[in-house]
Structures are given as C-alpha cells and as structure tokens.
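Chemist: 3D, please:
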Amino acid sequence: MFGQLLVKGSYTTMPLDNLGRKMNILKRFQTLGAGLSRLTERWIPDSWIICMILTGVTILLAVFGAGAGTGEPLAERVEGAVLAWGGGMWNLLELAMQFTLAMVVAHACVSSRPVFHLLDRFAAIPNPDRPGQAIAVACTFSYVTGYLNWAFCIVSCALFVPFLCKHNPKADIRVLIVACFIAFGTVWHGGLSGSAPLIMATPGNPLIEPATGAPIIDELIPVTETLFNPYNVAYLIFLAGVGLCAVLAVHPAEPDRVTLTPEQVEAIIPTPPEIPEERDSPAGRIDRSRIWTLLAAALILYPLGHAIITQGFGRAWNINAYNMTFLAAALLLHGRPDSFVRACQAGVGASWGIILQFPFYAGIFGIMNNTDLGFWLGGLFADVSSPRLFPAFVFLYSAVMNLFVPSAGSKWLIEAPYLIPAAQELGVSVKTVIFAYMYGDSTSNLIQPFWYLPLLAVTRLRFGDIVGYAFLVATICAISGICFMLLIPLDVT
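Modeler: Next comes the predicted model:
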C-alpha cells in the first residue's frame, strides 16, 4: 500500500544529521508499534470473546480467590458465582440504552448536511504548503469534538480526514489520522461525555443503587466536582498541549511522507447525505414537515433548560441531559423528519457492540457486587500499593485494561467495586480514583485498534500503517499523565 501512496519530495530544511537521528528514533517506535500490531492481530480475539474470557476469569476469582476462605463446598461456590452473574445480567439495560442512544444521535448529527459542508470549509483553512498547519487544525478539531461528545468525535473525524487530504496534499496521511484521533487519547474522558463522571452523577446508577448487594458509593458526585474540577481542567489543557506538540514532532520530513494521490483522495471523499425521495401524497407531505422535528426539539430542550436553571448545571448535567442535548441538535440539524430518521437508522449499526456486550459486562458487575470478589480484589490492590502511588497504579491498570475492554462505561462498572474500596482503605478519595481511571483509560485509546476502525475504513489503511506514530504519541502522553498522577492530591476537593 505504501508503494502506491508514497509521494516523495526532494527538499528539506532540516540538517541531515538531525533528520537521521529523528527518523532513527521514529523507526524504532514504528518497529515496536508494528510488532505490537502484529501481536494483537494474531492473538487478540474479537471484543465479545474477550468479554467472555473476562467472565470466566471473574468466576474463577470469585470461586477460588474471594470464596477460598469461606469454607463453603466448591459446588456451592461455583453455583453462587454463576447465579450472581445471571442476577446481574439485566441490571444495566438502562445504562446500555443511554450509551446506545449517545452513539446514534452523534452519528445523526455528523450525517447532517450543515455539518458535512462545515467539515469541507474547515479543512480548507490551513496553508496547503505548510502541512504542520493541517496537523494543528486536525488536532484542534479533534479536541473540540472530543470534549463535546466521544461518539461525535469518532464519526466526524472519520469524515474530516478525506477533506483534510483534499485541501492539504502535503500532509502525511498516517499522522493526520493520529492527529484526528488525538482527543480520544487525551481529553475525551474529562469532557462533557466522560463515561465515569456521568455515571457517578446520574441518579439511580448501579454503583449507588445496585439491584442487589450493598452500594459502592453513598452519594452522587456532580460533574462540577469532576469534569469542571480545576484539577481536571488543568490536566486537559496540559495534555492537549502535550498531544499537539507530540503529533507535530513526529510528522516526517517531505522525503518520508506518505500522502494520497488526487485520484485516491477523490475515491474516499464522502458525499453529502442524500435527500430522501419525496412522495407526492398527504403522507409524504406529513413526513417532510419540519413541524415534527421542531416540536420534538422544543419538548426536549424545555425540560432540559428548566432542570439546569432550577437545579444548577452541576446537578442537572448527566447522561440523560447529555443525550437530550445531542438529540435536539440532531433534530434541528436535519430539519426534515425523514432525513433524521434515516440518519438514526444508520447510527444504530455503529452501536451493535454496546447493545450486544453490555448484558455480559452487567453479569461481571453482578459477580463483583453480589459476591465477596469486589472486597477481596480491593484488599489486594490496597496491599500492593501505597497511598501516594495508588493514583499512578490505577492510571496504569486502567490503561492496560482498556486494551482488552474498550468500553469506558462498562469497564468502570467492573473496576469501581474494588478500586473504590481499596482507595478508601488507603485514604484516597473517590474523586482522585475517578480522575486516575479517566486519564489512564483515555491514554491507551491511542493504541487501541477498536476505536480506529471508522478512520481506517474511510482512508483504507491498516492499523499497522499508523501504529508506529500512534505508539510514540501515546508514550509521550502516558509519561506526562503518570507525572500528573504522582502529583495529584490524594483528596481532591
């Protein structure tokens, strides 16, 4: 593929010795990243299979770990773990629907004609002779969309890359992909759609009101104390700067750039959404009437605005409020009901992973909450760590777990039942644990193949083509994040 894509130049202002050193370091990371890609492609199975493997491991830990000292017969311990799994399987349906709707309405927003035309105009801002400007614009676009909505970021950036290639032919396609994805590895979990903070702020969430078993937390934590905490804001600004500098630094000099030919760009440029065929009938005119979308948007926005005014933004902003905002935005952007409905139908296809896997992760949550496994794991984590190192420990642990469970919401429900008790035993606040989890979960997204699928599908590249640059940027961001974790207050206020 690279033989077809490579467009070579003959001029660079960088001294040859500096260029050689830079490229030598980059090639080492590319080799390591490509090896990691080959390893994961060969040995890491489908995400649902990983879910079942984690289910089996959880049952084994509940039986032979947490249940080893209870004195119960082995058969009773096995039966108890299996019944706990089955008892929890349907307890997260509300949360699964909330995250599914988030993906659907984000897809509907991006597939509207106004957003489509905006992407084309925004991609034309950089000077085509200065690829660094295109990288900066890509990072900026990623940060803004990622802070607003994780699903909106993934879908819109996948459509944005072809427009960037069209208007900026000298920018390296591999680095452009990493730049467009940078928010998902830096700011998204600290933004308005951050899964863990929104779960902790949502009334009736499984951690405060489990269907069975004792609650993990005793009060809701509003987003003003997490997402809008000064520490989180400072971290996002710092890491956004680190990510931008890292992506700009790894962009190769002109002789080593991989770009797309005009014909290849033309082949991947998306087209605006088709206007549904009009039916010249009473039913067709009713289907096209904007009255219905305006009515629906008004019915959604008035209660949302009322809640924010009466309760305050910190208390009102949760998963439901976030979904209401983007659902209303999708309605207004499409205008016509038939266009809106078609866009939502297409978005459901992108949500199949959430729909399928959430009941199985709910079963794992059931074991954590309905057996002694959560407390047993919490004790182990408290024993192997210290208060000062615990945030960095959670950061690294969540980053590694994210490579196997790329769903931040379901993974938080798995980890929280033992991370929070361990933190409390060590004297570390729940908010500190949330921050460490958020930041670690985000960082390893940069080398998580699952979330790159939309971008790679549009550009027709392989994960192995971009993982060297992604691994280098992820390493820089991870080191920066760990340094922050070593300085974070143990009791964030």
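
Chemist: so, low pLDDT: which residues of the stretch 101-250 of the chain?
Modeler: Counting by pLDDT under 70, the stretch 101-250 of the chain shows no low-confidence range.

Chemist: that one: strands as residue ranges?
Modeler: Counting by DSSP state E, counting those that start in this stretch, one finds no strands in the stretch 101-250 of the chain.

Chemist: where do the helices sit along the stretch 1-150 of the chain?
Modeler: 2-5, 16-43, 47-61, 74-88, 93-110, 113-123, 131-148, 150-167 (DSSP state H, counting those that start in this stretch).

Chemist: with respect to burial, which of these scores highest?
Modeler: helix 150-167 (a mean of 25; mean count of other CB atoms under 10 Å). Backbone N, C-alpha and C define where each C-beta goes, glycine included.

Chemist: pLDDT (mean, whole number) over the host helix or strand of A307?
Modeler: A307 belongs to helix 291-311 when elements are defined using DSSP states H and E. Mean pLDDT, helix 291-311: 95.

Chemist: which secondary structure elements does the helix or strand following it contact?
Modeler: Where DSSP H and E defines the elements, the next helix or strand beyond helix 291-311 is helix 313-316. On a contact count with 3 or more CB pairs under 8 Å, 6 or more residues apart in numbering; DSSP states H and E, helix 313-316 meets helix 291-311.

Chemist: mind listing residues that contact the helix it packs on?
Modeler: 316-317, 321, 324-325, 327-328, 331-332, 334-337, 340 (CB atoms under 8 Å, 6 or more residues apart in numbering).

Chemist: repeat that for 6 Å
Modeler: Helix 291-311 has contacts (CB atoms under 6 Å, 6 or more residues apart in numbering) with 316, 321, 324, 327-328, 331-332, 337.

Chemist: and that helix, how far out from the chain middle?
Modeler: 27 Å (CA atoms, centre = their mean, to the nearest Å).

Chemist: helices of the stretch 301-450 of the chain, residue ranges please.
Modeler: 313-316, 319-334, 337-349, 352-370, 373-384, 390-402, 408-426, 430-443, 449-459.

Chemist: name the nearest residue to I488, ignoring sequence neighbours.
Modeler: P391 (5.1 Å; CB to CB, 6 or more residues apart in numbering).

Chemist: count the neighbours of that neighbour for me.
Modeler: A total of 28 residues lie near P391 under the criterion other CB atoms under 10 Å.

Chemist: that older thread, okay if I get the helices of the stretch 301-450 of the chain as TSV plus distance to H167?
Modeler: Output for the helices of the stretch 301-450 of the chain, formatted as TSV (distance: least, CB to CB, whole Å):
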stretch	distance to H167
helix 313-316	37
helix 319-334	23
helix 337-349	25
helix 352-370	33
helix 373-384	49
helix 390-402	33
helix 408-426	33
helix 430-443	29
helix 449-459	15
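
Chemist: highest mean neighbour count out of those helices?
Modeler: Of all the helices of the stretch 301-450 of the chain, helix 430-443 has the most neighbours on average by mean count of other CB under 10 Å, namely a mean of 27.

Chemist: for that helix, C-alpha coordinates in CSV please.
Modeler: Output in CSV follows, covering the C-alpha atoms of helix 430-443 (Å, rounded to 0.1, in the frame of the first residue of the first chain):
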residue,chain,number,x,y,z
VAL,A,430,-13.2,8.6,45.3
LYS,A,431,-12.7,11.7,43.1
THR,A,432,-9.0,11.0,42.9
VAL,A,433,-9.7,7.4,41.8
ILE,A,434,-12.2,8.7,39.1
PHE,A,435,-9.5,11.0,37.7
ALA,A,436,-6.8,8.3,37.6
TYR,A,437,-9.2,6.0,35.9
MET,A,438,-10.3,8.6,33.4
TYR,A,439,-6.8,9.6,32.4
GLY,A,440,-5.4,6.0,32.2
ASP,A,441,-8.4,4.8,30.2
SER,A,442,-8.0,7.7,27.7
THR,A,443,-4.3,7.4,27.1
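
Chemist: just want the angle from it to helix 131-148.
Modeler: 140 degrees (axes from the mean of the first three to the mean of the last three CA atoms, to 10 degrees).

Chemist: what's next to helix 430-443, contact-wise?
Modeler: Contacts for helix 430-443 (CB under 6 Å, 6+ apart): 185, 189-190, 196, 226, 391, 394-395, 398-399, 402, 408, 419-420, 423, 477-478, 481, 485, 490, 492.

Chemist: re earlier: right, and the helices of the stretch 1-150 of the chain - which one's nearest N369?
Modeler: helix 74-88 (6.7 Å; CB to CB).

Chemist: what's the closest one packed up against?
Modeler: Packed against helix 74-88 by the contact rule (3 or more CB pairs under 6 Å, 6 or more residues apart in numbering; DSSP states H and E) you find helix 352-370.

Chemist: who are the packing partners of the helix it packs on?
Modeler: helix 47-61, helix 74-88, helix 93-110, helix 408-426.

Chemist: let's have those in a markdown table, adding distance to F358.
Modeler: Formatted as a markdown table, the helices and strands packed on helix 352-370 follow (distance: least, CB to CB, whole Å):
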| stretch | distance to F358 |
| --- | --- |
| helix 47-61 | 10 |
| helix 74-88 | 11 |
| helix 93-110 | 4 |
| helix 408-426 | 6 |
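
Chemist: wait, which of those is closest to G378?
Modeler: Among the helices and strands packed on helix 352-370, helix 408-426 comes nearest to G378, with 3.5 Å by CB to CB.

Chemist: mean confidence for that closest one?
Modeler: 89.

Chemist: CA atoms of it as CSV?
Modeler: The C-alpha atoms that make up helix 408-426 are tabulated as CSV, following Å, rounded to 0.1, in the frame of the first residue of the first chain:
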residue,chain,number,x,y,z
ALA,A,408,-15.1,3.0,29.4
GLY,A,409,-18.5,2.9,30.9
SER,A,410,-18.8,-0.9,31.3
LYS,A,411,-15.1,-1.1,32.4
TRP,A,412,-15.7,1.5,35.1
LEU,A,413,-18.6,-0.6,36.5
ILE,A,414,-16.2,-3.6,36.6
GLU,A,415,-13.3,-1.8,38.2
ALA,A,416,-15.1,0.6,40.6
PRO,A,417,-16.4,-2.1,43.0
TYR,A,418,-12.8,-2.9,44.0
LEU,A,419,-10.8,0.2,43.2
ILE,A,420,-13.1,2.5,45.3
PRO,A,421,-12.9,0.2,48.5
ALA,A,422,-9.1,-0.1,48.0
ALA,A,423,-8.8,3.7,47.7
GLN,A,424,-10.9,4.2,50.9
GLU,A,425,-8.7,1.8,52.8
LEU,A,426,-5.6,3.8,51.7
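
Chemist: tilt between it and helix 319-334?
Modeler: 150 degrees.

Chemist: just want the angle from helix 408-426 to helix 47-61.
Modeler: 30 degrees.

Chemist: how much space between the closest residue to V492 other than its chain neighbours and A330?
Modeler: Residue nearest to V492 in three dimensions, not counting chain neighbours: K431, with 4.4 Å by CB to CB, 6+ apart. Counting by CB to CB, to the nearest Å, the gap from K431 to A330 is 32 Å.

Chemist: what does V63 give?
Modeler: Taking CB to CB, one finds V63 at 46 Å from A330.

Chemist: one step back: and A283, which of the helices of the stretch 301-450 of the chain is closest to it?
Modeler: That would be helix 337-349 among the helices of the stretch 301-450 of the chain, by CB to CB, at 10.8 Å.
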